[in-house]
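A.B. asks: structure, please.
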Amino acid sequence: MAADPRASQMEVAEPITPAGSAGSASRKAKDELDWRMSRLADQNFNIKKYPDPLAPRQGVDPQFYPKGVTLEMEKKWLAKIQALKDGTA
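C.D. replies: The predicted structure follows:
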């Protein structure tokens, strides 16, 4: 039996892709990975809201106080607490 000459023409070892389209698959995969990673991260997180964790702290940052509480109110409360501890109240 003779081999069909058209069969060898139909078999292709590798798929033929137009120039420039090979990179689009990897770019699409990268874009999808970036999108999925962005969905995992908290969109509202801002590192600038938090103090440097390696720096020594001198109390609580006022931005974390309950609404309506001021630094002056805290100073008065701490003075009253200290007075009670000292027994001068």
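A.B. asks: which element is residue 39 on?
C.D. replies: Secondary structure assignment for residue 39, by DSSP states H and E: helix 22-40.
A.B. asks: and that helix, what's its mean pLDDT?
C.D. replies: If you average the pLDDT over helix 22-40, you get 82.
A.B. asks: and stretch 43-53, by the same measure?
C.D. replies: The predicted confidence, averaged over stretch 43-53, sits at 83.
A.B. asks: can you give me the offset of it from its chain's centre?
C.D. replies: Between the centre of stretch 43-53 and the centre of its chain there are 11 Å (C-alpha atoms, centre = their mean, to the nearest Å).
A.B. asks: endpoints of it, how far apart?
C.D. replies: For stretch 43-53, the first-to-last residue distance is 21 Å (C-alpha to C-alpha, to the nearest Å).
A.B. asks: mind checking what helix or strand follows the helix holding residue 39 in sequence?
C.D. replies: Heading C-terminal from helix 22-40, the first helix or strand you meet, by DSSP H and E, is helix 71-86.
A.B. asks: from residue 74, how far off is the residue nearest the centre of the chain?
C.D. replies: Residue closest to the average C-alpha location in the chain (C-alpha atoms, centre = their mean): residue 41, at 3.5 Å. In this structure, residue 41 and residue 74 are 34 Å apart, going by C-beta to C-beta, to the nearest Å. Quick note: C-beta positions are derived from backbone N, CA and C, even for glycine.
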